[in-house]
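K.L.:
Sequence plus the predicted model coming up.
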Amino acid sequence: MRLLSRVVPVLVGLGLASCAGVDVGTSYDPAAVERIEGFRTYAWLSQPQKSQDSRINNAITDAQVKEAVDRDLQERGYRKVEANPDFLIGWQGAIDTRLSEESVDSYYGYPWDPFWGSFYGPYGGGQTYLRQYDVGTLILDVVDAKQKTLVWRGTAQTDLGDSPSIQSTGNKLDDGVKKMLERFPPKPEKPD
């Protein structure tokens, strides 16, 4: 019984971690879709407001984000320039700590049985496990360089786990950037 009570939290944690993907969302200015389609060159915006979190506000993270975005955009034919870009791109990030609660009964989803009831007692001996984990959010903004207006925003959010490593975080960052930029440039909405 003791072994089982030690193994269940680990299995629940692994199950939750394996389901964690990157959630992506985008929004854009519908009036700017034609302008965005004409964009071919870009430059980086300076970081607007530095996060107080040293896990985000550091040269390594800045380089990782810019490298992932540059690689994806350049593979798709965009060119980074120093002067007169069509659009400017910037990024922001955050890491939030969250708690999740998972209740597991001793029957693991099977109905109560008098044979097992005597082993577990009359109430089944369920347990509740708390898990503390970090959720990372990355925001990419595309600004029309001539009009100085935000025309597209992508967000990616993922569970970083309870002790994220640089390698796993870097892989999730690359995955988030790729999924976000798959939706850039936006496709015009078709009328119903």
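P.N.:
Happy to help now that I have it.

K.L.:
Show me the strands in this protein, by range?
P.N.:
Read by DSSP state E, the chain holds these strands, from start to end of the chain: 22-28, 41-44, 79-80, 87-104, 127-144, 149-161.

K.L.:
mind checking which of these is nearest Lys179?
P.N.:
For these, the distance to Lys179 is smallest for strand 22-28, at 4.3 Å, taking C-beta to C-beta. From N, CA and C alone the C-beta is placed, and that goes for glycine too.

K.L.:
just to revisit the earlier point, which one of the strands of the chain lies nearest to Asp70?
P.N.:
Across these, closest to Asp70 is strand 79-80 (C-beta to C-beta), at 6.2 Å.

K.L.:
how about stretch 89-100: buried residues?
P.N.:
By 16 or more other C-beta atoms under 10 Å, the buried positions in stretch 89-100 come out as 89-93.

K.L.:
Let me have those in TSV, extended by distance to Tyr28 and pLDDT.
P.N.:
TSV is the format used below for those (distance: C-beta to C-beta, whole Å; pLDDT from 0 to 100):
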residue	distance to Tyr28	pLDDT
Ile89	14	97
Gly90	15	95
Trp91	17	94
Gln92	17	91
Gly93	20	89
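
K.L.:
Backbone dihedrals for Leu45, please?
P.N.:
Per-residue torsions, Leu45: phi -80, psi 150 (degrees, to the nearest 10).

K.L.:
just for this protein, where's the confidence low?
P.N.:
Applying pLDDT under 70 to the chain flags residues 1-20, 48-51, 105-126, 162-169, 189-192.

K.L.:
Could you rerun that using 80?
P.N.:
Counting by pLDDT under 80, the chain contains low-confidence residues at 1-20, 47-56, 102-129, 131, 161-170, 188-192.

K.L.:
sorry, back to before: and which of the buried residues of stretch 89-100 is nearest Glu37?
P.N.:
Ranked by distance to Glu37 (C-beta to C-beta), these are led by Ile89 at 16.1 Å.

K.L.:
My guess is the closest one contacts Asp144. True?
P.N.:
No. Here Ile89 lies out of contact with Asp144, judged by C-beta atoms under 8 Å, at a distance of 11.3 Å.

K.L.:
For Tyr133, give me its contacts.
P.N.:
Neighbouring residues of Tyr133 by C-beta atoms under 8 Å, 6 or more residues apart in numbering: 97-98, 100, 159-162.

K.L.:
and Ile36, how many neighbours does it have?
P.N.:
19 (other C-beta atoms under 10 Å).

K.L.:
residues touching the closest residue in space to it that isn't next to it in sequence, list them.
P.N.:
Spatial nearest neighbour of Ile36, chain neighbours left out: Pro185 (4.5 Å); criterion: C-beta to C-beta, 6 or more residues apart in numbering. Taking C-beta under 8 Å, 6+ apart as the criterion, Pro185 is in contact with 33, 36-37, 39, 152.

K.L.:
Derive a PyMOL selection command for the buried subset of the residues you listed.
P.N.:
Command for PyMOL that selects the buried part of the contacts of Pro185, burial taken from 16+ other C-beta under 10 Å:
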select buried, resi 33+36+39+152
